[in-house]
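sequence and predicted structure below; questions after.
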There are 2 protein chains.
Amino acid sequence: MSILVVGSVALDTLKSPTGECKDVLGGSATYFSVSASFFTSVNLVAVVGKDFPVKYTKLLESKKVDLRGLEFAEGKTFRWEGEYGRDFNNAKTISTHLNVFSNFNPRIPEEYKQSKYLFLANIDPELQENVLNQVTKPSVVACDTMNFWIQNKRKYLLRLLKRIDIFFLNEQEAKELSGESNLIKAAKAIIKCGPKKIIIKRGEHGAVLFSKNSIFYTPAFLLEEVFDPTGAGDTFAGGVMGYLAKANAATEVILRKAIVYGSVMAAFAVEDFSLRRLIAIRQADIAKRVKKYKKSTCYGL
Amino acid sequence: MSILVVGSVALDTLKSPTGECKDVLGGSATYFSVSASFFTSVNLVAVVGKDFPVKYTKLLESKKVDLRGLEFAEGKTFRWEGEYGRDFNNAKTISTHLNVFSNFNPRIPEEYKQSKYLFLANIDPELQENVLNQVTKPSVVACDTMNFWIQNKRKYLLRLLKRIDIFFLNEQEAKELSGESNLIKAAKAIIKCGPKKIIIKRGEHGAVLFSKNSIFYTPAFLLEEVFDPTGAGDTFAGGVMGYLAKANAATEVILRKAIVYGSVMAAFAVEDFSLRRLIAIRQADIAKRVKKYKKSTCYGL
């Protein structure tokens, strides 16, 4: 099954202890698409400005990401500038210029409306709902969010969650949304809001999958070198959703395996700036890393 | 095989968002002993003051902890007072009164000198080495440490490490000792100092086992209620060493299983103040929780 993803395509300017780069390819839908493209075909809906470099369009096309839903609007592409400290946790935002993204009102092309696997990347929950309304009969609907929407669009987010199969969010967001400081309590509170499953991303500490009757947790793939954590969460989600769409199933068993693949994909993303590492890897690299992950986490009891 | 442990027995006064308690049983060797006692017999070497409550001696004896090495010195028992915030990470020390512990110079009773499994809990590395010199021919020597010794007794700690089979320390300590901010790099640097294996404790994020040629990482057992994280690390070490001593082996395969048991034991310790929960559990509770841990971490790839 193919995946439809709606989110941001951006140009990032980054500083980290390992270096810096200017106006490189970024955005939630970008990381998600490239990651998922290793598992299935991906249809992208997003907006960029007329200044969006042709090389990045080509790069996405080289990964077989379908760009019929990528709108080229008058104005400049969404830009984000951030900086990471020595521990690579929490980017410090230096500037955000929404540019053409501020008027983004996603219209789903006719040929995508039958999509079965839908990922609503981190955008305004009103827009996420708007997208969902345009898709005829999706099988698996997943979404992400961020603290800004939890604080400022809570009502819309909660309304959306009732229609969500898999809700991706990070630990801090889960605690903020629920008002609970314990992760399990937070998850239980959020499950009551409607999503069938929650995947809580814990960065270098792995991920936790919750549903009403089960819990699964697994560590992140440990790396000796981290260059740039930007996009790790979206790359993770891309791996998870890609695996599900390829299997055309989202059972607990399949989801657990999907999370391992998502973790491995995220571990590639952070090994270089932007999508550099992610576009350089091959299927064999993924298989090799999954094997290493198994070797590093098995305890045979 | 039985285990010999040398470390502190203390009276703790604690405050946490879940309550408070005064002069309750604590100390590294105490948590370690009670945890390990579920797997094998434990011989404890430590010092307390004449004020040490008989009920605590009885409690340790009820767990079959051999107290022939527990010295009752003139003066007061070591006291620690601490406070935890809402996230339960990092205790804030309010006061430390070493009392009789300040002159602690452990003498190993003759009948313990043939011990095969030795745990040098967190005390001055000079004393740890002194203990090690008194034990004839141990099979597995493990030790713990803390930031104070890393900062103030680095030379002695590094000398000790050359004779250590399993070095337990937490993530922050590993980074401080090595000067590396990446966990794998830190571990590689520490392995070069001599210990055959390192177990890095990451609190609620699990543990990592390193040796020259392999790495194993596993999450902590996730809990919905945490009351008091005091002693979690020592309880973890007690579970690990207890499992090894019972198996009378410390191969990579056995160590990985031991770490799962250690994690489960630590998850009991934090569920109530002091050792309350730990002394109330039974073998069946441990087996049940290990089963739950397996169910929550398996991904079947």
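Noted; the coordinates are in hand. Please read these numbers as outputs of a predicted model, since none were measured by experiment. Residues are numbered from 1 along each chain as shown, chains lettered A, B, ... in the order given.

ok, which stretches of the stretch 1-150 of chain A are strands?
A:3-6, A:10-16, A:19-26, A:42-49, A:65-73, A:79-83, A:92-97, A:117-120, A:140-143 (DSSP state E, counting those that start in this stretch).

want to throw these into CSV with mean neighbour count, mean pLDDT and distance to chain B?
The C-beta positions use only the backbone N, C-alpha and C, and glycine is treated the same way. Supplementary listing: these in CSV, determined by neighbours: other CB atoms under 10 Å in any protein chain shown; pLDDT from 0 to 100; distance: least, CB to the nearest CB, whole Å:
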stretch, mean neighbour count, mean pLDDT, distance to chain B
strand A:3-6, 28, 98, 21
strand A:10-16, 22, 93, 12
strand A:19-26, 17, 94, 16
strand A:42-49, 25, 98, 23
strand A:65-73, 17, 97, 26
strand A:79-83, 19, 94, 16
strand A:92-97, 12, 92, 17
strand A:117-120, 28, 98, 21
strand A:140-143, 26, 98, 19
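
redo the ones you listed as TSV? Include distance to residue B:163.
Listed next are the strands of the stretch 1-150 of chain A as TSV, based on distance: least, CB to CB, whole Å:
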stretch	distance to residue B:163
strand A:3-6	56
strand A:10-16	39
strand A:19-26	41
strand A:42-49	56
strand A:65-73	57
strand A:79-83	44
strand A:92-97	44
strand A:117-120	54
strand A:140-143	52
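
residue A:195 is nearest to which of those?
Among the strands of the stretch 1-150 of chain A, strand A:140-143 comes nearest to residue A:195, with 8.4 Å by CB to CB.

tell me what the closest one is packed against?
The contact analysis (3 or more CB pairs under 8 Å, 6 or more residues apart in numbering or on different chains; DSSP states H and E) places strand A:140-143 against strand A:117-120, strand A:166-170, helix A:232-247.

so which residues make contact with that strand?
Residues from elsewhere that reach strand A:140-143, judged by CB atoms under 8 Å, 6 or more residues apart in numbering or on different chains: A:116-121, A:128, A:132, A:135, A:160, A:163-168, A:237, A:240-241, A:244-245, A:250.

not counting residues beside it along the chain, what's closest to residue A:10?
Leaving aside its sequence neighbours, residue A:10 sits nearest to residue A:27 (CB to CB, 6 or more residues apart in numbering or on different chains; 3.7 Å).

show the pLDDT at the nearest residue to residue A:116 once chain neighbours are set aside.
The spatially closest residue to residue A:116, leaving aside those adjacent along the chain, is residue A:139, at 4.2 Å (CB to CB, 6+ apart). According to the prediction, residue A:139 has pLDDT 97.

what sits against residue A:139?
So residue A:139 contacts A:1, A:116-117, A:250 (CB under 8 Å, 6+ apart).

what's the helix or strand for residue A:249?
Under the criterion DSSP states H and E, no helix or strand holds residue A:249.

in CSV: the helices and strands packed on strand A:140-143, plus distance to residue B:148.
Shown next, in CSV, are the helices and strands packed on strand A:140-143 (distance: least, CB to CB, whole Å):
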stretch, distance to residue B:148
strand A:117-120, 49
strand A:166-170, 34
helix A:232-247, 35
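
ok, back up a step: and the gap between the residue nearest to residue A:116 and chain B?
22 Å (CB to the nearest CB, to the nearest Å).

just the helices from chain A, written as ranges.
Under the criterion DSSP state H, chain A contains helices at A:28-36, A:54-62, A:125-134, A:147-152, A:154-161, A:171-178, A:183-191, A:232-247, A:252-269, A:276-280, A:283-297.

any of the contacts of strand A:140-143 buried? List them.
The neighbour count (16 or more other CB atoms under 10 Å in any protein chain shown) marks A:116-121, A:128, A:132, A:135, A:160, A:164-168, A:237, A:240-241, A:244-245, A:250 as buried among those.

so residue A:99 makes contact with residue A:52?
No. Here residue A:99 does not reach residue A:52: they are 10.5 Å apart, not a contact under CB atoms under 8 Å.

chain B contacts on the stretch 101-250 of chain A?
Applying CB under 8 Å from any CB of the partner chain, we find that the stretch 101-250 of chain A lies next to chain B at A:181-185, A:202, A:205-206, A:208, A:214-219, A:222-226.

excluding sequence neighbours, find me the nearest residue to the residue sitting nearest the centre point of chain A.
Centroid-nearest residue in chain A, with CA atoms, centre = their mean: residue A:234, separated by 2.1 Å. In space, and not counting its chain neighbours, residue A:234 is closest to residue A:31: 3.8 Å by CB to CB, 6+ apart.

so what's the residue located most distally from the centre of chain A up against?
Distance from the C-alpha centroid of chain A peaks at residue A:301, with 33.2 Å (CA atoms, centre = their mean). Applying CB under 8 Å, 6+ apart to residue A:301 gives the contacts B:257, B:260, B:290, B:294.

neighbours of the first one, how many?
Using other CB atoms under 10 Å in any protein chain shown, residue B:257 has 18 other residues around it.

can you tell me the closest non-neighbouring residue to it?
Per CB to CB, 6+ apart, closest to residue B:257 is residue A:301, 5.4 Å.

how far away is the one you found from residue A:39?
31 Å (CB to CB, to the nearest Å).

re earlier: can you tell me which of the residues of the stretch 101-250 of chain A next to chain B are buried?
A:182-185, A:202, A:205-206, A:208, A:215-219, A:222-223, A:226.

and which of the residues you listed is nearest to residue A:18?
Nearest to residue A:18 among those, with distances taken as CB to CB, is residue A:226, at 7.9 Å.

quick revisit: what count of nearby residues applies to the residue nearest to residue A:234?
32.

next up, the contacts around it.
A:231-232, A:234-235, A:238, A:269, A:275, A:278.

nearest to chain B, of these?
residue A:232 (15.6 Å; CB to the nearest CB).

show the pLDDT at the closest one.
If you check residue A:232, the pLDDT there is 97.

I'd assumed residue A:203 was in contact with it.
Yes. Residue A:232 is in contact with residue A:203 according to CB under 8 Å; the separation is 7.1 Å.

who has more neighbours out of those two?
A direct count of neighbours by other CB under 10 Å for residue A:232 and residue A:203 places residue A:232 higher, at 24 against 19.

now tell me what touches stretch A:153-167 from outside.
A:120, A:124-126, A:128-129, A:132, A:140-143, A:145, A:149-150, A:177, A:190, A:193-199, A:240-241, A:250, A:255.

OK, contacts around residue A:243?
Counted by CB under 8 Å, 6+ apart, residue A:243 has contacts A:39, A:254, A:257-258, A:261-262.

residue A:63 versus the residue nearest to residue A:234, what's the distance?
12 Å.

what's the answer for residue A:234, then?
In terms of CB to CB, residue A:234 sits 14 Å off from residue A:63.

likewise for residue A:36?
9 Å.

find the nearest non-adjacent residue to residue A:123, please.
In space, residue A:123 is closest to residue A:7, 5.9 Å off (CB to CB, 6+ apart).

then residue A:91?
residue A:82 (4.0 Å).

quick check on the residue of the stretch 1-150 of chain A found nearest chain B: phi, psi?
Ranked by CB to the nearest CB, the top residue of the stretch 1-150 of chain A for proximity to chain B is residue A:86, at 5.3 Å. Recorded main-chain torsions at residue A:86 are phi -60, psi -30, according to degrees, to the nearest 10.

hmm, it is touching residue A:17, no?
Yes. Counting by CB under 8 Å, residue A:86 touches residue A:17, with 5.3 Å between them.

pick out whichever of these two has more residues nearby.
Legend: neighbour count by other CB under 10 Å for residue A:86 and residue A:17, higher for residue A:17 (14 against 10).

and the gap between the more buried one and residue B:33?
In terms of CB to CB, residue A:17 sits 43 Å off from residue B:33.

also residue A:136?
Taking CB to CB, one finds residue A:136 at 64 Å from residue B:33.
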